[in-house]
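Visitor: Quick one: sequence plus predicted model below, questions after.
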Amino acid sequence: MNILNFPERKKGREAIVMVTCYDYTMARIVADSAIDMILVGDSAAMVMHGHDTTLPISVDEMAMHVRAVRRGAPETFVVADLPFLATRKGLEAAMDAVEAVMKAGASAVKIEGIEGQADLVRHIVASGVPVMGHLGLTPQAVNQLGGFRVQGRSEDDRARLMREARECQAAGCFALVLECVPESLAEAITRSLDIVTIGIGAGDRTDGQVLVMHDLLGLTDGFKPKFVRQYMDGRAQVCQALDQYASDVRERAFPAPEERYAG
Ligand SMILES: Nc1nc(=O)c2c([nH]1)NC[C@@H]1CN(c3ccc(C(=O)N[C@@H](CCC(=O)O)C(=O)O)cc3)CN21
Ligand SMILES: CC(C)C(=O)C(=O)O
Ligand SMILES: [Mg+2]
């Protein structure tokens, strides 16, 4: 995937497949898979660091995850989330955040919401940095949304999200994530835009899909929103391996002779 390929992946062509990734080892695996692109999401705050929301992660921590992912996937298109408030403290602070994740190796940045930051998006794009928009359930606004809830169900919200999607495109976004919105709204937005849409909990009419790595591997304990499909029972498989290791050690079945060094 290259920034120049996105327009040709618009509706009707092959769907874009994106997954989150936060570390070197998993990035190497993603790079060997059929995945198109990586999102170094601020969901790292939750799945990597154990917070309840995405709010606590810093620009430096995001940059650290981007550096690790870039080392593991040197050729992959990597989008980095700009964390909570990074774009809301003036132009210089915002550009410092963009600089940090781009110099860490990102190919593009993702910014939640468009209200009050269309000019900033224009400036980032004019600076040579591709920007991915993100509308619908914007987790950085969880305190305002009253929880991780489906968005765009009322007629007013629908109209607002449709308008904001057009604003993202007008501001120069090359792609737009639609999170937790009714499929009819995601379809309407996808049809009305020239840029690609990437859905999560937004039905199958978007131009691509994104899922959190740990969700699709079944590693997240008890976290299973409706839109998640678990492609393996990662928790059970990892736990089984750990239990086997523990029992082998206790029974002195590990290490075997061939796993030892001779003097
Ligand atoms: N591991 C992980 N996966 C994600 O997809 C994800 C994160 N973390 N962190 C950031 C946001 C938060 N997300 C979430 C979290 C919870 C629901 C959820 O509980 N959804 C309810 C629907 C609620 C409603 O009907 O309004 C569900 O049961 O599906 C949805 C998205 C998506 N993102
Ligand atoms: C859920 C996706 C879209 C995201 O923003 C994240 O993982 O942080
Ligand atoms: Mg995010």
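Guide: It's in. Ligands and ions are numbered 1, 2, ... in the order given.
Visitor: what about stretch 202-210, how long is it end to end?
Guide: Using C-alpha to C-alpha, to the nearest Å, the gap from the first to the last residue of stretch 202-210 comes to 10 Å.
Visitor: do that stretch and ligand 2 meet at all?
Guide: Yes. Judged by C-beta under 6 Å from any ligand atom, stretch 202-210 comes into contact with ligand 2 at Val210. For the C-beta atoms, the positions are set from N, CA and C on the backbone; glycine is no exception.
Visitor: Identify the residues contacting that stretch?
Guide: 9-11, 13, 15-20, 36, 39, 136, 177-187, 190, 196-200, 227 (C-beta atoms under 8 Å, 6 or more residues apart in numbering).
Visitor: what residues are up against whichever residue of the stretch 51-200 of the chain sits closest to ligand 3?
Guide: In the stretch 51-200 of the chain, the residue that lies nearest ligand 3 is Asp81 (4.3 Å; C-beta to the ion). Listed by C-beta under 8 Å, 6+ apart, the contact set of Asp81 reads 39-43, 54, 62, 109-110, 112.
Visitor: what pairs with it across the strands?
Guide: On the basis of DSSP bridges, Asp81 is bridged to Lys110.
Visitor: going forward, begin numbering at 333 instead of 1
Guide: Done: numbering now begins at 333, and the last item shifts to Asp413.
Visitor: so how far is ligand 2 from it?
Guide: In this view, Asp413 and ligand 2 are 5 Å apart by C-beta to the nearest ligand atom, to the nearest Å.
Visitor: do Ala405 as well
Guide: For Ala405, the distance to ligand 2 - C-beta to the nearest ligand atom - is 16 Å.
Visitor: who touches that residue in this structure?
Guide: For Ala405, the contact set (C-beta under 8 Å, 6+ apart) comprises 353, 359-360, 362-363, 370.
Visitor: Could you tell me which of those are located in strands?
Guide: Ile370 (DSSP state E).
Visitor: nearest to Asp553, of the contacts of Ala405?
Guide: Cys353 (19.6 Å; C-beta to C-beta).
Visitor: so who does the closest residue to ligand 2 within the chain touch?
Guide: Of all residues in the chain, the one sitting closest to ligand 2 is Gly373 (2.3 Å; C-beta to the nearest ligand atom). Taking C-beta under 8 Å, 6+ apart, we find Gly373 in contact with 352, 354, 386, 413, 544.
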